[in-house]
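> Provided below for reference: sequence and predicted model.
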Amino acid sequence: MSRKSDSPALWLVRAGEQGEDEPTALSLGIALIGFRKVPDLRQFSTYEALVNWLLGLDQERSLPRARNLAAQLWAFGHRMEPGDLVVLPLKTAPGYIALGRVTGPYTYREIGGEARHTRPVKWERQVPRSVFQRDLLYSFGAFMTVCQITRNDAAKRVLAVLEKGVDPGLETPSPEGGEEYDIAQAAHDEIVQYIGTKFAGHGLARLVAAVLEAEGFQTKISPPGPDRGVDILAARGALGFDEPLLCVQVKTTADPADVTVLRALQGTMASYGATHGLLVSWNGFTEAARREARQLAFKIALWDQTDVVQAVYRTYERLSPEIQAELPLKRIWVLVKEELAG
């Protein structure tokens with residue numbers, strides 16, 4: 001049944017439990033879901049027929065579970081429409097979300113030697129998770145393979161990010177409903193947002209230097225202001241003379257760092273006689289920068305916000321008391337609930 005609406009719907013569509021289908025989905029311009037035991041969705045004329053088929057496939061499956069899976073499949077096969085928006089939180093590139101638009105009908109096509117459930121999608125942008133405010137990130141953490149996101153003007157805000165790169169937010173959020181959410185991801189997103197605010201500008205260089213010191217480096221941080229291409233000099237040894245000799249450039253600009261920044265760091269490394277470089281860009285890197293950096297894999301490392309936060313997790317117990325006071329974190333254990341995904 002076709003949905004009658006003047007505005008596009010917004011759909012969360014994942015691509016594999018561990019993101020294994022993400023490269024295929026992005027390269028082929030499709031949304032690609034699992035549910036490999038389920039045949040062509042076009043053979044089911046009603047939602048109830050799909051529910052009954054799922055119950056017949058697994059006699060131990062409960063009716064609520066079958067209805068949940070059927071709702072996801074029915075949405076993918078019958079409810080999504082050309083022009084609708086799609087968000088794909090990337091597990092192969094943690095910290096980023098792919099945004100796109102549905103361009104055509106459901107198809108059951110052969111990919112990699114097997115028939116798969118697909119939708120044609122024009123993937124338009126990959127943006128850092130921190131672009132979105134917490135309420136939308138919470139919705140993007142739903143434990144579903146496919147679900148429509150309707151709260152808090154979500155579709156309008158994703159459209160704004162596609163067009164302007166900024167989430168305009170919502171002054172009065174809608175009440176949250178009963179979906180299951182990834183608590184660990186929500187906590188991580190909150191930490192990313194906090195670090196992005198608390199350690200903005202030169203503060204991020206201080207945080208990166210603290211991480212390097214926790215890893216055994218001696219560091220020298222450039223004062224705030226023009227840094228002449230280097231924010232941190234770091235080396236090992238009691239006097240800081242032992243290799244690796246590291247030049248670090250830290251960027252907190254709104255746009256991803258491009259190849260010119262990478263090449264400038266190479267020049268700075270030569271000027272200082274550094275053996276290695278670390279380029280930190282809170283809002284990520286252009287694809288051209290990442291591609292060029294792969295050719296320098298043994299000389300220069302790239303850190304985006306996800307890498308910075310993972311480095312903080314890894315070294316937190318060894319960070320200085322001053323940094324820990326500015327960034328108070330506590331490790332917790334949570335019960336992992338069954339994911340409602342195919």
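Ah, there it is. Note that this is a predicted model, so its numbers are computed, not measured. Numbering: from 1, shown residues only.
> Which neighbouring elements make contact with the host helix or strand of Gln126?
Using DSSP states H and E, Gln126 sits within strand 114-128. Other helices and strands packing on strand 114-128, by 3 or more C-beta pairs under 8 Å, 6 or more residues apart in numbering; DSSP states H and E, are helix 22-28, strand 30-33, strand 85-89, strand 96-102, strand 107-111, helix 154-164. Backbone N, C-alpha and C define where each C-beta goes, glycine included.
> Which positions within that strand qualify as buried?
Buried residues in strand 114-128, counted by 16 or more other C-beta atoms under 10 Å: Arg116, His117, Thr118, Arg119, Pro120, Val121, Trp123, Gln126, Val127, Pro128.
> you'd agree the third one is up against Tyr106?
The one in question is Thr118. Yes - contact criterion C-beta atoms under 8 Å: Thr118 and Tyr106 qualify, at 7.4 Å.
> Strands along the stretch 201-342 of the chain, start to end?
218-221, 232-236, 242-251, 276-281, 300-303 (DSSP state E, counting those that start in this stretch).
> Out of these, which is the most enclosed?
Counting by mean count of other C-beta atoms under 10 Å, strand 276-281 has the highest mean neighbour count of those, with a mean of 23.
> Closest to the centroid, which residue in the chain?
The geometric centre of the chain, computed from its C-alpha atoms, lies nearest to Tyr96 (C-alpha atoms, centre = their mean), at 2.5 Å.
> Hmm, it is touching Gln126, no?
Yes - contact criterion C-beta under 8 Å: Tyr96 and Gln126 qualify, at 5.0 Å.
> Show me the contact partners of stretch 241-253.
Residues outside stretch 241-253 that contact it (C-beta atoms under 8 Å, 6 or more residues apart in numbering): 200-201, 204-205, 208-209, 212, 217, 227, 229-236, 257, 261, 264-265, 268-269, 272-283.
> quick one: buried residues of the helix ranked longest in the chain?
Secondary structure of the chain per DSSP state H: the longest helix is helix 183-198. For helix 183-198, the neighbour count (16+ other C-beta under 10 Å) marks Gln185, His188, Asp189, Val192, Gln193, Ile195, Gly196 as buried.
> Ser222 versus the spatially closest residue to Pro224 that is not a sequence neighbour, what's the distance?
Leaving aside its sequence neighbours, Pro224 sits nearest to His202 (C-beta to C-beta, 6 or more residues apart in numbering; 4.4 Å). Distance, His202 to Ser222, by C-beta to C-beta, to the nearest Å: 9 Å.
> List the contacts of stretch 214-227.
Contacts for stretch 214-227 (C-beta under 8 Å, 6+ apart): 201-202, 205-206, 209, 212-213, 228, 230-240, 246, 249, 315, 318-319.
> So which of the residues you listed belong to helices?
Those of these lying in helices (DSSP H): His202, Ala205, Arg206, Ala209, Leu212, Glu213, Thr315.
> how about those in JSON lines, adding distance to Gly77, pLDDT and neighbour count?
Below are these laid out as JSON lines (distance: C-beta to C-beta, whole Å; pLDDT from 0 to 100; neighbours: other C-beta atoms under 10 Å):
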{"residue": "His202", "distance to Gly77": "51", "pLDDT": "91", "neighbour count": "16"}
{"residue": "Ala205", "distance to Gly77": "50", "pLDDT": "95", "neighbour count": "23"}
{"residue": "Arg206", "distance to Gly77": "51", "pLDDT": "95", "neighbour count": "21"}
{"residue": "Ala209", "distance to Gly77": "52", "pLDDT": "96", "neighbour count": "22"}
{"residue": "Leu212", "distance to Gly77": "50", "pLDDT": "97", "neighbour count": "21"}
{"residue": "Glu213", "distance to Gly77": "54", "pLDDT": "96", "neighbour count": "17"}
{"residue": "Thr315", "distance to Gly77": "47", "pLDDT": "95", "neighbour count": "16"}
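> Most distant residue from the centre of this structure?
Leu239 (39.1 Å).
> re the thing from before, tell me the one of the buried residues of helix 183-198 nearest Leu28?
Proximity of the buried residues of helix 183-198 to Leu28 (C-beta to C-beta) peaks at Gln185, which lies at 26.2 Å.
> Against Arg116, how distant is the closest residue to the closest one other than its chain neighbours?
Distance criterion C-beta to C-beta, 6+ apart; nearest residue to Gln185, sequence neighbours excluded, is Gly141 at 4.7 Å. Note on Gly141: its distance to Arg116, by C-beta to C-beta, is 25 Å.
> Which strands or helices does the one helix or strand in the chain whose mean pLDDT sits lowest pack on?
Counting by mean pLDDT, DSSP states H and E, the chain has its least confident helix or strand at helix 183-198, which shows a mean of 82. If you count contacts as 3+ C-beta pairs under 8 Å, 6+ apart, helix 183-198 packs onto helix 134-140, helix 305-315.
> Does anything pack onto the first one? Which helices or strands?
With contacts defined as 3+ C-beta pairs under 8 Å, 6+ apart, the secondary structure elements packing on helix 134-140 are helix 154-164, helix 183-198.
> what about the longest one, distance to the chain center?
Between the centre of helix 183-198 and the centre of its host chain there is 12 Å, according to C-alpha atoms, centre = their mean, to the nearest Å.
> Could you do stretch 155-167 as well?
Counting by C-alpha atoms, centre = their mean, stretch 155-167 is centred 16 Å from the centre of its parent chain.
> Can you name the residues in contact with it?
7-10, 85, 87, 99, 124-125, 127, 131-133, 136, 149, 168-170, 254.
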